[in-house]
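Q: Just the structure for this:
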Amino acid sequence: MFGKGEVLLLIPGSSMTMDEWEPNVLNRLAINHTVIIFDNRGIGKSTAGNKTWSIDQFANDTAGLLDALKIEKPVDVLGFSLGGFIAQELTLMHPQKVQRMKLMN
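A: Numbers count the residues shown, from 1 in each chain. As a prediction, the model looks like this:
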């Protein structure tokens, strides 16, 4: 979590780690947003756990991340590729957590 301003949650695509977001883009976003990047379950620095992987599970993981970070206000969400499916499911399952949603690719 870095930057300042309204929270912008970036949900990565399939097999994408948080290190693959373009640093220049992240820095520009962080001028006006508090940016959150993370690795989905079983990718990069996260563990796989023992639950079956599904879009629902990824959406619940993402909601749990927001809870763990104690973010109570709805956030803007940008989903890239598979992250777009997760963003949509997050919005349907946890509508109180999402202010706006943008889908890429």
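
Q: Can you show me the helices along the chain?
A: All helices of the chain, identified by DSSP state H, fall at 23-29, 55-68, 82-93.

Q: Would you mind finding the most buried of these?
A: Comparing the helices of the chain by mean neighbour count (mean count of other Cβ atoms under 10 Å), helix 82-93 ranks first with a mean of 20. Every C-beta, even on glycine, is put in place using the N, C-alpha and C of the backbone.

Q: what's the angle between that helix and helix 55-68?
A: Going by axes from the mean of the first three to the mean of the last three Cα atoms, to 10 degrees, helix 82-93 is angled at 70 degrees with respect to helix 55-68.

Q: how far out from the middle of the chain is helix 82-93?
A: Its chain's C-alpha centre and that of helix 82-93 lie 9 Å apart, by Cα atoms, centre = their mean, to the nearest Å.

Q: Summarise which helices and strands that helix is packed against.
A: Other elements packing on helix 82-93 under the criterion 3 or more Cβ pairs under 8 Å, 6 or more residues apart in numbering; DSSP states H and E are strand 6-11, helix 55-68, strand 75-80, strand 98-104.

Q: Now do that helix against strand 6-11, angle only.
A: Going by the same axes, to 10 degrees, helix 82-93 makes 120 degrees with strand 6-11.
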